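J.: I'll drop the sequence and a predicted model, then ask my questions.
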Amino acid sequence: MFGRRNKQVEVTDADVDAFVDDLDPEERAREDAELLRELGEVEPEQPGAPARPQGPWDSEDAPPAERVDLGALQVAIPPNVELRLELNPEGQVMAVTLVHGESTAQLNVFAAPRSEGIWDEVRQEIADALNTGGGRATEETGTLGTELRAVVPNEVPGQGVVQAPARFVGVDGPRWFLRALLTGPAATDDGAARPLLEAVRGVVVVRGTDPMPAREPLVLTLPAEAQQAAQPPEEEPGAPRVALPERGPEITEVY
C-alpha cells in the first residue's frame, strides 16, 4: 500500500485501481509514461510494432499532404525530385523511382506478417548473396534505421564486370515492408541521399485488408489521370480504325 506521511492517510491498491479506471485512454497513457520516466524504465515495444515516428507512414497514421496516388503507395514529390514509374509490357507498374540529380531511389513494397517485421531477414539475405557473389555488403545505421552499404557487380558491355555502389534501406510497417534501393552519388554520399530519403519518409503505404503471403508485392497502379490518358478515345460510328504500335518491353512514365 501507499502512504502519505504528512496527513497519515493510507491509500490502498484498490484506490489506485479505481483512479486509473476513471482515466480516459489518453490520460492513462500520459500517467503511464510519466511513471516510467520517473522509474527510469522504458516502455516495452510491442512485437512487430513499427518504429516510424517520422515516416514512412501507414495509411492509418499518415499526416495530410498532397501525394500522387499509386495504389499501394502514395508519394509526395518534393521540389527538384522527379517521379518515374517502371511499367512491364502489360502496362502494370512494377516499381516507383525517385530521381534527384544523378541519384535514384527505387521503391518496392511488399506484404509482411502481422506479428513481426522482415527487414532483418531480408537484409541478411541480400548481404549473404552479395558477399558470396563477388560483391560486398556491410551494415550501417542510417536515418531510417539499419541499412546496407553495398558494392554490386554489374556486367557492362565492353567493360566487363563493374563494381557499382548501392545502398539498401528498409522499413517495416504494420503488415507491410518498404524497400528503397539508392544508386548513384546517393549510394555513398549522405548529402546526395538526403533529398531522396526525405522523399521516402513522406511515402504512405496503403496495405489494404486482404490476406497476402509475406513478401508478395503490393499492387501498384498508374495515377488516375494517367489511366484516363491511356484509355483509347471513343470511336465515332463509321470512323476508320487506326492500328497502334505495340508496347515495347519496358515503359517509363515520368511525373
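T.: Looks like it came in fine.

J.: drop to CA atoms for contacts and neighbour counts, all remaining ones
T.: Fine.

J.: quick one, strands of the stretch 51-200 of the chain?
T.: For the stretch 51-200 of the chain, the strands defined by DSSP state E, counting those that start in this stretch cover 57-58, 68-69, 73-75, 82-87, 93-100, 103-111, 136-142, 145-156, 160-173, 176-183.

J.: for the fifth one, list the C-alpha coordinates in CSV.
T.: Extracted as CSV, the C-alpha positions of strand 93-100 are listed here (Å, rounded to 0.1, in the frame of the first residue of the first chain):
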residue,chain,number,x,y,z
VAL,A,93,3.5,-0.6,-62.6
MET,A,94,6.5,-2.7,-61.3
ALA,A,95,8.4,-0.1,-59.4
VAL,A,96,8.5,3.5,-58.4
THR,A,97,11.7,5.5,-58.8
LEU,A,98,12.6,8.9,-57.3
VAL,A,99,15.3,10.8,-59.1
HIS,A,100,17.3,13.7,-57.8
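
J.: list the buried ones in it?
T.: For strand 93-100, burial by neighbour count (16 or more other Cα atoms under 10 Å) applies to 93-100.

J.: thinking again about what came up before, reformat the strands of the stretch 51-200 of the chain as TSV; add distance to Val200 and mean pLDDT.
T.: TSV is the format used below for the strands of the stretch 51-200 of the chain (distance: least, Cα to Cα, whole Å; pLDDT from 0 to 100):
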stretch	distance to Val200	mean pLDDT
strand 57-58	10	96
strand 68-69	13	96
strand 73-75	8	97
strand 82-87	12	95
strand 93-100	9	95
strand 103-111	8	97
strand 136-142	13	96
strand 145-156	13	93
strand 160-173	10	94
strand 176-183	8	97
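
J.: a markdown table for those strands, including distance to Val204?
T.: Putting the strands of the stretch 51-200 of the chain into a markdown table (distance: least, Cα to Cα, whole Å) gives the following:
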| stretch | distance to Val204 |
| --- | --- |
| strand 57-58 | 5 |
| strand 68-69 | 9 |
| strand 73-75 | 5 |
| strand 82-87 | 15 |
| strand 93-100 | 13 |
| strand 103-111 | 11 |
| strand 136-142 | 20 |
| strand 145-156 | 18 |
| strand 160-173 | 10 |
| strand 176-183 | 10 |
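
J.: so which of those strands comes closest to Pro223?
T.: Nearest of the strands of the stretch 51-200 of the chain to Pro223, taken as Cα to Cα: strand 68-69 at 5.6 Å.
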